[in-house]
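Colleague: give me a model of this one.
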Amino acid sequence: MSEVQIVQTTLGGTTAEHVQLMLERGARESGQFTVMGRLEGETAFLAFDGAANRIENVVGALIYKVAEDEPPAFFLPLMYVLPSFRKQGIGRSIMTKAIRCAELVGCTDFAIHVKSSNLQMLCLLDAMSLEQRSFRFHLSIVPHATELP
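Modeller: Down below sits the predicted model:
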């Protein structure tokens, strides 16, 4: 595995545009998720290939929201790793950062929606044993379009 840096950031400007295009392309190619709306201003963990954190080196992204409820809740609407960088631990690294973030801000709930056909993500979540964390883990498995009546 090449050296991968995981950076927490608020998406803006050309970084938001680059990540938006990467995710939209991934959504079209995989059919595993949908990008809803613009990413400008969204909070994310970005995985960069190599030591230089330049936008052209982004190989993965996890978009998240922390609800301003009391106590706060963590929502993970989107995670994606470029196909050529999968099976190298990048998804696990990004998810680990997200879990630490949720725990640090005191989230009592951690929610994620995953399409039933996204077996890689379901396997990752199972392997990470999220139900054994300090928060309540909510996994909604969404039927793939071909599974709908």
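Colleague: once you drop chain neighbours, what's closest to F45?
Modeller: L62 (4.5 Å; CB to CB, 6 or more residues apart in numbering). Placement of C-beta: from N, CA and C, glycine included.
Colleague: the helix or strand hosting the one you found packs against which elements?
Modeller: Element membership for L62, per DSSP states H and E: strand 58-67. Counting contacts by 3 or more CB pairs under 8 Å, 6 or more residues apart in numbering; DSSP states H and E, strand 58-67 packs against helix 13-30, strand 43-49, strand 73-81, helix 90-104.
Colleague: among these, which is nearest Q120?
Modeller: Smallest distance to Q120 across the helices and strands packed on strand 58-67 (CB to CB): 7.6 Å, for helix 90-104.
Colleague: tell me what the helix or strand just after the closest one is packed against?
Modeller: Per DSSP H and E, the first helix or strand lying C-terminal to helix 90-104 is strand 109-115. Applying 3+ CB pairs under 8 Å, 6+ apart, we find strand 109-115 packed against strand 73-81, helix 119-127, strand 136-142.
Colleague: now, of the ones you listed, which is deepest in the fold?
Modeller: Of all the helices and strands packed on strand 109-115, strand 73-81 has the most neighbours on average by mean count of other CB atoms under 10 Å, namely a mean of 21.
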